[in-house]
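Q: let me see the structure of the following:
(4 chains)
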2 protein chains.
Amino acid sequence: MVTLSEENYLKAIYHLALGDAQLVSTNAIAKKMHTKASSATDMIKKLSEKGLVNYQKYKGVQLTEKGRLAAVSVIRKHRLWEVFLVKKLNFSWDEVHEVAEQLEHIKSEKLTQQLDEFLEFPTKDPHGDPIPDCDGNMPSTQKVILAKIEINKSCMCIGVKDSTAEFLRYLDKHHIALGTKITVVSKESFDESMTIKINETPLVISKEVTHNLFVKIN
Amino acid sequence: MVTLSEENYLKAIYHLALGDAQLVSTNAIAKKMHTKASSATDMIKKLSEKGLVNYQKYKGVQLTEKGRLAAVSVIRKHRLWEVFLVKKLNFSWDEVHEVAEQLEHIKSEKLTQQLDEFLEFPTKDPHGDPIPDCDGNMPSTQKVILAKIEINKSCMCIGVKDSTAEFLRYLDKHHIALGTKITVVSKESFDESMTIKINETPLVISKEVTHNLFVKIN
DNA sequence: TTAAATATTTAGGCAAGACTAAAAATTTAT
DNA sequence: ATAAATTTTTAGTCTTGCCTAAATATTTAA
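A: The predicted model follows:
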């Protein structure tokens, strides 16, 4: 039995380790969970006792395979529900997160499978993130940050890094969506801003934007 | 802010008062919630402090209007999700309850409204229970227990009283569904059993069944 | 290579929601 | 009308998940 709070910590650790088995620090976890380091330590101990993470005092934690499966299961549900909200209930991509944060904890194997089928087995959520399969396999994506694209090259927007509602609405306003073709026109080195073209329309974007957009080279 | 636990107590009180403003006893609440009377007392005090119930020591509780609205809102969500599970995700009517018990606590006004629309504003859940509207109005239903129907009269099955999975599967087995026409053939007074006809097929049912089926006289 | 800064853990507490045991109120029965 | 039975409340504990403050490790810097 994994509690709701434990699920949230596992998810945080998974994301902080970038889906890998990297060591994650107590402070990083506390920050992500908006709690204090002492609370994170408490929870880490509990997760460790349950065999969900490997933990050595002062050294950091990593998910065990059991912990990784639990984290990925929550992420799978989160992303499936996001698809449901956008595709079936007319939510926009900047509104789905907080509702999906609740729905991801609903426990029912059958519910998740039937939802997956009802949505016709989607492979990406509305922000372009991959949906793990029911065996816990997370599809790998070779995505790159827009900032890395060279001048005069084109690429396609395939995801966002931090999907805060404000950022997503900014993208909507400037007609940047998943699948949108972006051409890099020029870069300013002093502030890392960039001029891009979308459908022949030029747009100047700050480094906050270039570092939060994932693209794929065609 | 109403907690998950508080919502469950409010729902229990609503059901025990039969949707009315009747006084409900501490013991009855404890029994329904599968907790001890002392736990129920603790929670009653909290609900009372929050203005969700009226409470006088040793006298029992009743929902305030605020409490009733909170209870009905949870019931609305529960029943909408049950419809979703049956209509969209191919659940059968005996499988939906425990999942809906979780889904009913998801907090999002928009989610509930969009779900209602997506389901085309259903008025009944899969067990025949009415779905309250978004303003907290619970449609009244003049349903009667099958046991009350006179010999040689016909009626239509419109709901179940206690919808335990076992009872629902019993009904499935004997082809009794919502909308099924039932004719009362005879009654045994010593054990309150009854012989009925469904599509000309006779069936003997016990008093456990006749007291758990709601019917409507044509 | 020590001293200072930072990160982490421990110790002790708090609120929610449950429990047991005991006290108090109410109801039922003699 | 009083005793017995039942119901309800109170008092004190437990667990989960959080907190603050203090202690201890580790890392960074002089």
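Q: from here on, just use CA atoms for contacts and neighbour counts.
A: Will do.
Q: okay, domains of chain A per the record?
A: Chain A resolves into domains spanning A:4-63, A:144-217 when parsed by automatic domain parsing.
Q: point out the residues in chain A that sit beside DNA strand D.
A: Neighbours of DNA strand D within chain A, by Cα under 7 Å from any atom of the strand: A:3-6, A:34-40, A:42-43, A:58.
Q: what residues are up against the spatially most central residue of chain A?
A: What sits nearest the mean C-alpha location of chain A, by Cα atoms, centre = their mean, is residue A:129, with 6.1 Å. Neighbour list for residue A:129: A:79, A:159 [criterion: Cα atoms under 8 Å, 6 or more residues apart in numbering or on different chains].
Q: again, only using 10 Å
A: A:79, A:123, A:139-141, A:158-161 (Cα atoms under 10 Å, 6 or more residues apart in numbering or on different chains).
Q: name the element residue A:86 belongs to?
A: helix A:65-87 (DSSP states H and E).
Q: quick one, helices of chain A?
A: For chain A, the helices defined by DSSP state H occupy A:4-16, A:26-33, A:37-49, A:65-87, A:97-103, A:109-118, A:165-173, A:207-210.
Q: quick one: the ones you listed as CSV, columns for mean pLDDT, distance to residue B:218 and mean neighbour count too.
A: Formatted as CSV, those follow (pLDDT from 0 to 100; distance: least, Cα to Cα, whole Å; neighbours: other Cα atoms under 10 Å in any protein chain shown):
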stretch, mean pLDDT, distance to residue B:218, mean neighbour count
helix A:4-16, 97, 49, 20
helix A:26-33, 97, 59, 18
helix A:37-49, 97, 60, 17
helix A:65-87, 97, 40, 23
helix A:97-103, 97, 42, 18
helix A:109-118, 98, 37, 16
helix A:165-173, 92, 54, 14
helix A:207-210, 93, 66, 16
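Q: quick one: closest of those to residue B:21.
A: helix A:97-103 (32.1 Å; Cα to Cα).
Q: what packs against the closest one?
A: For helix A:97-103, the elements it packs on are helix A:65-87, helix B:96-103, judged by 3 or more Cα pairs under 10 Å, 6 or more residues apart in numbering or on different chains; DSSP states H and E.
Q: so which bits of chain A are right by DNA strand C?
A: Counting by Cα under 7 Å from any atom of the strand, the residues of chain A that sit close to DNA strand C are A:25-28, A:37-38, A:41-42, A:56-60.
Q: what about 6 Å?
A: Within chain A, the residues that sit near DNA strand C (Cα under 6 Å from any atom of the strand) are A:25-27, A:37-38, A:41, A:57-58, A:60.
Q: nearest to residue A:149 among the residues you listed?
A: residue A:25 (31.4 Å).
Q: and the closest one, what does it touch?
A: Taking Cα under 10 Å, 6+ apart as the test, what residue A:25 contacts is A:13, A:16-17, A:37, A:40-41, A:58-62.
Q: now stretch A:114-133: buried residues?
A: By neighbour count with 16 or more other Cα atoms under 10 Å in any protein chain shown, stretch A:114-133 contains the buried residues A:114-116, A:122-133.
Q: how much space between residue A:75 and DNA strand C?
A: 25 Å (Cα to the nearest atom of the strand, to the nearest Å).
Q: residue A:109 contacts residue A:134, correct?
A: Yes - using Cα atoms under 10 Å, residue A:109 makes contact with residue A:134 at a distance of 9.4 Å.
Q: which of the contacts of residue A:129 are buried? Put it as a PyMOL command.
A: Provided next is the PyMOL selection string for whichever of the contacts of residue A:129 are buried by 16+ other Cα under 10 Å:
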select buried, chain A and resi 79+123+158+159+160
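Q: among the contacts of residue A:129, which are located in strands?
A: A:158-160 (DSSP state E).
Q: of the residues you listed, closest to DNA strand D?
A: residue A:160 (26.7 Å; Cα to the nearest atom of the strand).
Q: would you confirm that the closest one contacts residue A:211?
A: Yes - under the criterion of Cα under 10 Å, residue A:160 makes contact with residue A:211 at 9.1 Å.
Q: what pLDDT does the model give the closest residue to residue A:74 other than its chain neighbours?
A: Closest residue to residue A:74 apart from its sequence neighbours, by Cα to Cα, 6 or more residues apart in numbering or on different chains: residue A:104 at 5.7 Å. As predicted, residue A:104 sits at a pLDDT of 98.
Q: now for the nearest residue to residue A:16 once chain neighbours are set aside, how many residues are close by?
A: Leaving aside its sequence neighbours, residue A:16 sits nearest to residue A:24 (Cα to Cα, 6+ apart; 6.6 Å). A count of nearby residues for residue A:24, using other Cα atoms under 10 Å in any protein chain shown, gives 21.
Q: can you tell me which of the domains of chain A comes nearest to residue A:94?
A: Across the domains of chain A, closest to residue A:94 is domain A:144-217 (Cα to Cα), at 4.5 Å.
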